[in-house]
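Colleague: The following comprises the amino acid sequence and a computationally predicted model.
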Amino acid sequence: MATRLLYLFPSTTHPVTNGAQVRASRLLRHFAGDLGWEVEFACPAGSRDARFWGEDARLLSAVHIPEAAPGPAGASVLGRARTAAGALAKRVRGRFRRMDAPGAAAPKPHPSLVSARMERYAGSALARHVRALLRDRAYDVVLVSYVWMSPCVEGVPGRRRRPLMILDTHDIQYVRESRLDPFRAGAPSDIAGEKALELSVMRRYDLVLAISRWDEAVLRRELPGARLCAVPVEVPLPRAGSGEPRHDLVFLGADNEANRLALLLFRERILPRLVAARPSLTVAVAGRVAQSPEIGNAFKDTGVRLEGYVPSSAAFIASGRIFIAPVAAGGGVKMKVLEAMAHGVPVVTTPVGAEGIECEAGVHCAVARDDEEFAREVLRFLDSPALRAEVAARARALMARRMSAGTVYRDLDAALAEALR
């Protein structure tokens, strides 16, 4: 009998607009195709349009998108779960309340923090629907994407045979938030409390997936004895691009806080240096981040093309001589950097942008530690087609080795086989 999997994710995996969707869609293909598992997929929202799903359209019949309106069934479970998740978040935040404001009420958390997201998911239609599925159906494996979706699988009556519970972290949220928080307006967030909350939730799982060996090493220090496995992002290796690029620099990204910050800092600190040295410079930005009003206002009258959503990320990446990733803060692995390397487009990024990729600075990409160095590396690449070709070829060869048959999911398959014995 086939292994039965319930996979939780914040949206449908198609149409693909961010790296997390790429990761989830590739994992689903591996479970359903390579391993032959029976897969069901639950998410709060998304598209069922088969035109967006392509070869993955066969999974549509197993996609659960619950109605938003609350139903009478499970109301008591919902109330208990909301109370439990809220109480846990408040208890952990309270334990780590700032010492510089004795007696002060804990500030309202930033909406991207784990505690805030957990409270929202605890009271969601998805949580009710998932609890009903877990109550009424027998699954061998339940995979939860992101630690903040965990309330969806809490408070469910126990079964005789408990499913293997897996958490795919995507990134370590407290690391990401600790880097983004200094750039935010208002009082600083309680990162220590968020870290304690996140780690306490991770400890409940049978297997925790990290997106890179760097993340895995961090979690091994924090979660001694936990079963951990690094599962890299599978990136397809397309044919090398041909034809003359249309832009000097390109950037592609989802509309999230880290990408908006990267572009705003690029506009303020790096773009003026580049234009001063090369007035004819052409820059294009695509992806949902290019549709952000904040980004639109920042790049008004700069000559930078904001192309918005593009149907083919491959074609857009190949349209640039250089892919820039001026990432100042964030976590996990930057899918856009992996894609550019796989497409044979040279990359200029930062230490945060290169984190977890296991590439060598100066060999597979340029890694700049400050704004001046970033501009200098971009200009060095623009001035030398031969250097661009050499670095791009080495990066593409690195990706080819990483994505060779049987290597991407080898450790995951071994960990699953051991856990399911």
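Modeller: Structure received. Numbering: from 1, shown residues only.
Colleague: Output the below-cut-off pLDDT ranges for this structure.
Modeller: Where the chain drops to pLDDT under 70, the residues are 67-108, 156-160, 240-243, 405.
Colleague: For it, just list every one of the strands.
Modeller: Secondary structure of the chain (DSSP state E): strands at 4-8, 38-42, 63-64, 141-145, 164-168, 207-210, 228-230, 247-252, 283-286, 305-308, 320-325, 347-349, 366-367.
Colleague: Flag every buried residue along the second one.
Modeller: The reference is to strand 38-42. Buried residues in strand 38-42, counting neighbours by 16 or more other Cβ atoms under 10 Å, are found at 39-42. Glycine gets a C-beta too; all of them are placed from N, C-alpha and C.
Colleague: distance of E222 from V208?
Modeller: Separation of E222 from V208 (Cβ to Cβ, to the nearest Å): 11 Å.
Colleague: Which one of these two is surrounded by more residues?
Modeller: The residue with more neighbours, out of E222 and V208, is V208; 22 against 14, by other Cβ atoms under 10 Å.
Colleague: Would you mind naming the residues that bridge with the more buried one?
Modeller: Listed beta-bridge partners, V208: L167, L228 (assigned using DSSP bridges).
Colleague: thought it was touching L167?
Modeller: Yes: applying Cβ atoms under 8 Å, one finds V208 in contact with L167, separated by 5.0 Å.
Colleague: tell me, what's touching these two both at once?
Modeller: Here V208 and L167 share the contacting residues M202, scored by Cβ atoms under 8 Å, 6 or more residues apart in numbering.
Colleague: Mind jotting down where the helices sit in the stretch 201-350 of the chain?
Modeller: 213-222, 257-265, 271-277, 293-298, 313-318, 335-342 (DSSP state H, counting those that start in this stretch).
Colleague: L167 is in contact with M202, isn't it?
Modeller: Yes: assessed by Cβ under 8 Å, L167 is found in contact with M202 at 6.2 Å.
Colleague: Name the residue in the two with the higher neighbour count.
Modeller: L167 (24 against 19).
Colleague: how long is stretch 30-38 end to end?
Modeller: Using Cα to Cα, to the nearest Å, the end-to-end distance of stretch 30-38 comes out at 11 Å.
Colleague: re the thing from before, tell me the two of the buried residues of strand 38-42 that are most distant?
Modeller: For the buried residues of strand 38-42, the farthest-apart pair by Cβ to Cβ is V39 and A42; their separation is 10.7 Å.
Colleague: between those two, what contacts are shared?
Modeller: Shared contacts of V39 and A42, defined by Cβ under 8 Å, 6+ apart, comprise Y7.
Colleague: Identify the residue spatially nearest to V130, adjacent ones excluded.
Modeller: In space, not counting the residues next to it along the chain, V130 is nearest to C152; the distance is 4.4 Å by Cβ to Cβ, 6 or more residues apart in numbering.
Colleague: Break the chain down into its domains, please.
Modeller: In terms of domains, the chain is parsed into 4-234+409-419, 247-402 (source: automatic domain parsing).
Colleague: and the ones you listed, which is most packed in?
Modeller: Neighbour counts (mean count of other Cβ atoms under 10 Å) averaged over each of the domains of the chain peak at domain 247-402, with a mean of 19.
Colleague: What sits closest to R369 if chain neighbours are left out?
Modeller: P351 (6.4 Å).
Colleague: now do V233
Modeller: R23 (5.0 Å).
Colleague: S212 is in contact with that neighbour, correct?
Modeller: No: counting by Cβ under 8 Å, S212 is not a contact partner of R23; they are 11.5 Å apart.
Colleague: hmm, back to that, could you check how far the residue nearest to V130 is from V310?
Modeller: The value you get for C152 to V310, if Cβ to Cβ is used, is 32 Å.
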